[in-house]
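Asker: for reference, the sequence and a predicted model appear below.
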Amino acid sequence: MPVITCARCGQTRDQMPFRPFQNELGLRAYQQICNACWGEWLKTQQQLINHYGLNLRDQQAKTFLFTHMEQFLFAGGGEGVKSKE
Ligand SMILES: [Zn+2]
């Protein structure tokens, strides 16, 4: 399994096994986010889906999740926020 230096946690870890989405964000996540952080996002995403009752066939719901995903993965959002130098 190839390793990457993760943009979220800063550690060199296993890459996620496949590109999750066929869009620009999916490619960026695949290239820059480790499998452990991706797993954390999937848990957070499920909480958001449950909390807001999202329907994933709904384009607005997808847009909402992509926005949160980008923040979670690349902007230090979500739980476990680390101080940014
Ligand atoms: Zn990571």
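Answerer: Noted; the coordinates are in hand. Residues are numbered from 1 along each chain as shown.
Asker: now do the strands in this structure.
Answerer: For the chain, applying DSSP state E gives strands covering 3-5, 12-14.
Asker: who does the first one touch, helix- and strand-wise?
Answerer: Same thing as strand 3-5. If you count contacts as 3 or more C-beta pairs under 8 Å, 6 or more residues apart in numbering; DSSP states H and E, strand 3-5 packs onto strand 12-14. For glycine as for every other residue, the C-beta is placed from the backbone atoms N, C-alpha and C.
Asker: got the contact list for the strand it packs on?
Answerer: 1, 2, 3, 4, 5, 6, 34, 35, 36 (C-beta atoms under 8 Å, 6 or more residues apart in numbering).
Asker: I'd say residue 74 and residue 6 touch.
Answerer: No: using C-beta atoms under 8 Å, residue 74 makes no contact with residue 6, being 10.7 Å away.
Asker: these two: which has the busier surroundings?
Answerer: residue 6 (21 against 15; other C-beta atoms under 10 Å).
Asker: per-residue confidence at that one?
Answerer: Looking at residue 6, its pLDDT is 97.
Asker: just residue 79 next, same as before
Answerer: 49.
Asker: residue 27 too?
Answerer: In this model, residue 27 is scored at 97, pLDDT.
Asker: burial of it, as a residue count?
Answerer: 13.
Asker: phi, psi for residue 20 please.
Answerer: phi -80, psi -30 (degrees, to the nearest 10).
Asker: please tell me how far it sits from the ion.
Answerer: Going from residue 20 to the ion by C-beta to the ion, to the nearest Å gives 14 Å.
Asker: who are the packing partners of the longest helix along the chain?
Answerer: The helix spanning the most residues in the chain, taking DSSP state H as the definition, is helix 35-52. If you count contacts as 3+ C-beta pairs under 8 Å, 6+ apart, helix 35-52 packs onto strand 12-14, helix 59-74.
Asker: brilliant, that's me finished.
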